[in-house]
Each structure stands twice: as structure tokens, then as C-alpha cells.
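Participant: any chance you can model this:
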Amino acid sequence: MKMVNNLLKQFIKESSLSENNRLSIKFLVDSINGEINQFTDKSYLFEGSPGIGKTYFVESFLKMLEFPVLYLGPFKLEGKNVRKFDSLKQIMEEIHSLEKGIIYLDDIQNSLEFERDGMGDPHLNDIESKRFLNLLELVKRSNKKLFLIMTVNDSSFMEDSWKDRIETFIDLLEPFEKSKKIFLNKKYGNLIGKNIINEIAAKSIGYNFRNLDEVIRIAYRFGNGIINLKSANKAFSSYTPSGLANYDIEFKSNLNFNNVFGHNKIKKELKKLALYKNNKNKLDKLQIKRNNFFIFSGNHGIGKTHMARALAGELKLPLIKISAWDIHSPRHGITKIMDTASRYKNCIILIDEADKLLGLHAYSMEEEGVLLGEMNRQIDDAAREIKSVIILSVNNITRLGKAMRDRFNVLEFNNPSIEDRREFVNNLINKSGLSISVTAEDIAQMTEGKNYRDIQRIWNDVIFYYLETKEMNKNILADLIAPININERRVHTGIG
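Facilitator: Here you go, the predicted structure:
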């Protein structure tokens with residue numbers, strides 16, 4: 001029994017539970033092994049999204065207890081102390097003669113006898129509802145060692161009269177990295193080495209246990225029956241976890257600051273974030289705090305999105321890209337974004353063109369827009385809980401207002417200097433392998449005030465012209481650049 005108790009304590013300690021919930025489970029174990037009293041909680045509801053590990057946790061916990069279990073659920077529960085029932089009615093007929101035991105109702109929406117009303121909402125029929133209330137009341141008031149454990153994906157359908165009788169509600173969090181290592185080692189330790197398990201556990205931020213299973217299966221296929229770092233990384237790049245299915249998510253670990261031209265001051269500032277992320281515990285002890293909220297401010301084509309992708313690669317984190325136009329959607333609203341930022345603790349969330357819909361009121365440069373005020377409020381409420389990086393990419397920072405700018409680290413992106421333009425073009429020339437009659441210096445000199453996107457377009461025109469005519473010189477280059485200058489004048493003067 002002592003060994004069982006030690007295993008249970010270790011299991012509870014390593015589980016993805018809050019500290020309060022760990023204490024609740026610990027007291028449950030103490031009550032089962034010892035005496036019950038007026039402080040003993042008898043009924044427990046485990047809630048969390050599908051695949052998060054509710055059934056995995058409860059079943060692992062019950063196997064270690066060596067305590068009688070009356071099971072009602074859609075799956076098969078192994079164990080010498082387990083008796084499976086087909087209905088709540090059968091359990092109620094048995095429970096009166098039971099001296100001790102745990103009644104385990106797994107996935108109650110699929111275990112109990114639900115009906116749907118005219119609106120399609122689920123509810124228990126009258127007889128089943130009375131049985132369920134009787135069960136809750138009986139367990140709560142019994143002096144016997146009778147306990148009730150239930151799992152549910154979403155308890156919003158439950159009536160208040162049920163919730164009033166349930167003593168402990170446990171919200172399962174996304175699996176911690178340590179929990180995932182234990183899960184992977186237990187299930188796939190004979191197929192995967194420790195270093196690969198550690199890599200998968202570290203990269204799968206926000207993934208539930210079912211997502212981990214999917215990644216392993218995909219990696220197995222990519223590796224032709226072998227799971228290694230290469231096949232695992234390929235699996236990550238092709239798989240989107242269920243909780244992020246509605247987002248545009250990227251994972252490009254081969255991209256980093258070395259792939260970004262110029263913006264050296266910005267890269268230096270972002271490297272501090274990388275240093276903090278990689279040494280958080282040590283720097284926290286030194287009282288160093290970092291704000292994970294950034295505003296990337298600058299004109300179109302200046303490299304803001306590319307820098308966000310490079311930061312994701314530098315930190316080896318996924319990048320979730322959200323268009324500002326999606327913020328009005330229920331799937332991508334401010335609340336949803338903040339929930340995602342809290343849930344997926346190691347990721348980068350980029351909101352592109354944020355000033356267009358988060359900015360000040362369109363007809364006033366002083367009045368906050370509704371969305372801007374809502375985001376300010378939620379950031380204040382959840383700042384301590386948000387561990388992911390949030391980046392707002394904006395073209396006109398003045399539209400965000402002073403309150404928002406105070407909450408974020410503002411990084412200004414300027415047009416590339418002549419040195420940056422020279423380096424950028426020289427890289428294009430080297431990669432092309434062509435020998436043309438203009439140099440990187442020529443193009444850099446003629447592209448003053450241009451952003452990287454403009455320079456890339458000019459380069460494309462140069463290559464197309466050269467491939468077609470086999471000619472290129474400074475005069476031709478000037479003629480190719482001229483239309484872009486004309487377009488700029490049209491934009492600035494309002495012509496066209």
C-alpha cells in the first residue's frame with residue numbers, strides 16, 4: 001500500500017492540474033485510505049476539451065487506487081476491481097448495497113440518457129434526471145466511502161440543481177511539458193529515444209494528448225517506420241493541433257535573425273526576449289521582467305511580418321497569424337485571441353494590420369474604438385496569465401492611441417539604409433548565379449527610400465529583362481525603376 005501511495009503522490013504531482021486541484025485529489029486519496037469527515041468532498045467533475053486527458057488521468061488514477069469502481073461510460077475500462085454497467089438505473093440498483101467504491105461516469109453526455117429539445121439542446125429525460133439528482137444527493141450524504149467521479153467536455157448544459165450538489169470542479173489544463181514526457185515515454189518509450197521525446201514535448205505547446213498521438217503517427221509515416229528528429233519535425237510542420245484548427249499557423253525552425261537583412265537595433269531588442277525566454281527561471285530570480293507584447297510599426301513591405309517569422313524561428317515557436325479583418329469573427333474575436341494567448345503559452349501571435357480595426361475611431365483621432373478599448377481591458381486583466389508573445393503589426397501607429405502604446409514595446413521599422421539595400425541585393429545576385437552588368441552598389445544607390453518589397457520587384461524586372469534581351473546597364477536599370485517612382489508620386493499626390 002505504501003508503494004501505491006508513493007506512486008499516486010508522484011502521479012498527482014506530475015499531472016496537469018492547478019495547485020488547488022492537486023490538493024483536492026490528494027485529500028480524495030487520503031479519504032479513501034483513511035477516514036471521511038465533514039471536510040471530505042465526495043463528488044468530482046473533471047471538465048476539459050476533447051483529447052485533453054480527462055479519461056487518461058481518471059483511469060490512471062483509478063488503477064493506482066486499488067479501490068472498487070462502478071463504471072458507466074462509452075469505452076472499456078480495464079482493472080480487476082472494475083465492474084461495468086450499461087445504465088445509470090443499474091448503478092442505482094446496486095449502490096444501496098455497496099459499502100465502499102467509486103462510481104465513475106465517463107463522458108456523461110454520452111453515458112446518461114439524454115434527449116434533445118426543439119432547439120436541439122441536450123437535456124436528461126425526467127426519469128434519468130431524477131436518478132442523477134438522487135445519485136448526487138446519496139453520495140454527498142452517505143457516511144460510507146462512496147465517491148462519484150465524472151468527466152465532461154463542456155458543463156454549460158448542466159442544470160444549476162446538479163452543479164449545486166457537485167462539490168469539486170476540476171478544469172484540466174493543457175498537458176504540461178513534464179506530463180507529456182511521461183505520457184510519451186509510457187506509450188512510445190520502446191520506439192522513441194529520450195532526446196526525441198524531449199523535443200516533441202517541448203515543441204507541442206498547447207497540444208493535448210490526442211494531438212500528441214497524431215504527431216507520433218504522422219512522424220512514423222514520414223520516417224517510413226522510424227521516428228527520429230527529422231520525421232518528427234516534418235510531422236509538426238504538416239499538422240495543426242485541434243485547438244488551432246481555425247488559425248493560420250506556421251512553424252519554420254530553419255528561419256531566424258540571420259535571414260533578416262538590416263533592422264539591427266530591432267533584432268538586438270528581440271534577442272533580449274529570446275535570452276529571457278531561454279533563461280526565464282534564472283532571470284526571474286534577478287528580478288528581470290519582460291513584457292511579451294510588441295508593436296511592429298512601419299510602412300508596407302518593410303519586413304515586419306518577416307521579422308515576426310524570424311523571431312518564431314529564433315525561439316523555435318509556432319507563429320499564429322491573424323488578420324485584423326478576422327477580429328470581428330466569433331472564432332477570432334479579442335476574447336478568443338486572449339484565451340489562445342493564455343492556453344498556448346509558448347507561441348507567437350501576430351495580428352496583421354492591427355491599426356485598421358483595433359485603432360482609434362475612424363472619424364476621431366481622440367476617441368478609442370470599441371475593439372481597442374476591449375483589447376486594452378483584456379490585456380490588463382490577463383497580463384500575468386499571458387505567456388505567449390503578441391505582436392501587433394501596424395502601418396499607422398498613431399491610430400492605436402497612447403494607452404495601447406504604453407502597454408506594448410514599440411519597435412519602429414524604417415526603410416532600409418544603403419548598406420542594408422546593398423546586402424539585400426548582393427544576396428539576390430549571389431543566389432541567382434547570373435553575371436549581369438549592374439552591381440549591388442548600382443541598385444542600392446538607385447533605390448533610396450524603397451522598401452524590401454519594392455527592391456524585390458525591381459530585381460524581378462531586372463531578371464526578366466535580362467533573360468529576354470541579354471542586356472543590362474545603369475540606363476536600363478533607371479528605366480525599370482522609373483515606373484515605381486511615378487507610382488509613388490501618384491500615391492502621394494492623389495493622382496489616379
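Participant: so what's the gap between the longest strand along the chain and the chain middle?
Facilitator: Secondary structure of the chain read by DSSP state E shows that its longest strand is strand 145-152. Relative to its chain's centre, strand 145-152 lies at 30 Å (CA atoms, centre = their mean, to the nearest Å).
Participant: what's the following helix or strand past it in contact with?
Facilitator: Later in the chain than strand 145-152, the nearest helix or strand by DSSP states H and E is helix 160-163. For helix 160-163, the surrounding residues in contact (CB atoms under 8 Å, 6 or more residues apart in numbering) are 132-133, 136, 155, 169. In this view, the C-beta of every residue, glycine as well, is placed from N, C-alpha and C.
Participant: farthest pair within those?
Facilitator: Largest separation among the contacts of helix 160-163 by CB to CB: 133 and 169, giving 17.3 Å.
Participant: is it true that residue 172 touches residue 53?
Facilitator: Yes: Residue 172 lies in contact with residue 53 (CB atoms under 8 Å); the separation is 6.2 Å.
Participant: mind listing what's buried along whichever helix or strand residue 20 is part of?
Facilitator: Element membership of residue 20 [criterion: DSSP H and E] is helix 19-33. By neighbour count on 16 or more other CB atoms under 10 Å, the buried set for helix 19-33 is 21-22, 24-25, 28-29, 31-32.
Participant: again, but for stretch 183-197
Facilitator: 183-184, 188, 192, 196-197.
Participant: hmm, who's touching it?
Facilitator: For stretch 183-197, the external contacting residues (CB under 8 Å, 6+ apart) are 53, 56, 175, 181, 200-201, 209, 212-213, 216, 227-229, 232.
Participant: can you list the domains in the protein?
Facilitator: Per automatic domain parsing, the structural domains of the chain span 2-171, 177-242, 257-412, 418-493.
Participant: worst average pLDDT in the ones you listed?
Facilitator: Of all those, mean pLDDT reaches its minimum on domain 257-412 (a mean of 73).
Participant: out of the contacts of helix 160-163, who's nearest residue 450?
Facilitator: Once CB to CB is applied, the member of the contacts of helix 160-163 that ends up nearest residue 450 is residue 155, at 56.8 Å.
Participant: what's the local residue count around that closest one?
Facilitator: Applying other CB atoms under 10 Å, we find 17 residues neighbouring residue 155.
Participant: can you check residue 458 too?
Facilitator: 20.
Participant: so who does the residue nearest to it when sequence neighbours are not counted touch?
Facilitator: The shortest distance from residue 458 to any non-neighbouring residue, by CB to CB, 6 or more residues apart in numbering, is to residue 481 (5.8 Å). Contacts for residue 481 (CB under 8 Å, 6+ apart) come out as 446-447, 458.
Participant: kindly report the same for residue 12.
Facilitator: 22, 25-26, 29.
Participant: so where does it fall, helix or strand?
Facilitator: Following DSSP H and E, one finds residue 12 within helix 2-14.
Participant: okay, the angle between the helix holding residue 20 and strand 145-152?
Facilitator: 140 degrees (axes from the mean of the first three to the mean of the last three CA atoms, to 10 degrees).
Participant: quick one: helix 19-33 to chain centroid distance?
Facilitator: Worked out by CA atoms, centre = their mean, helix 19-33 lies 29 Å from the chain centre.
Participant: and the next element down the chain from that helix?
Facilitator: Next element after helix 19-33 (DSSP H and E): strand 43-47.
Participant: partners of that following strand, with directions?
Facilitator: Here strand 43-47 has these sheet partners by DSSP bridges: strand 145-152 (parallel), strand 168-171 (parallel).
Participant: pull the distance from it to the chain's centre.
Facilitator: Chain-centre distance of strand 43-47: 25 Å, with CA atoms, centre = their mean.
Participant: next: stretch 68-81.
Facilitator: Distance of stretch 68-81 from the chain centroid (CA atoms, centre = their mean) equals 33 Å.
Participant: would you map the strands across the stretch 101-250 of the chain?
Facilitator: For the stretch 101-250 of the chain, strands defined by DSSP state E, counting those that start in this stretch occupy the ranges 114-116, 122-124, 145-152, 168-171, 248-250.
Participant: hey, which of these is tucked in deepest?
Facilitator: strand 145-152 (a mean of 23; mean count of other CB atoms under 10 Å).
Participant: show residues contacting that one.
Facilitator: 28, 31-32, 36, 42-47, 54-55, 58, 62, 95, 98-109, 135-136, 138-139, 158, 166.
Participant: one more time with 7 Å
Facilitator: If you take CB atoms under 7 Å, 6 or more residues apart in numbering as the criterion, strand 145-152 is touched by 28, 32, 36, 42-47, 54-55, 58, 98, 100-109, 135, 139.
Participant: got a quick PyMOL command for the buried subset of those?
Facilitator: Filtering these down to the buried ones (16+ other CB under 10 Å) takes a single PyMOL command:
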select buried, resi 28+32+36+42+43+44+45+46+47+54+55+58+101+102+103+104+105+106+107+108+135+139
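Participant: just the C-alphas of the longest strand of the chain, formatted as CSV.
Facilitator: Taking Å, rounded to 0.1, in the frame of the first residue of the first chain, the C-alpha atoms of strand 145-152 are listed here in CSV:
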residue,chain,number,x,y,z
LYS,A,145,-16.8,5.5,1.5
LEU,A,146,-18.8,6.3,-1.7
PHE,A,147,-17.3,8.7,-4.2
LEU,A,148,-18.5,10.0,-7.5
ILE,A,149,-16.1,10.9,-10.4
MET,A,150,-17.5,12.3,-13.7
THR,A,151,-15.9,13.6,-16.9
VAL,A,152,-17.4,16.1,-19.3
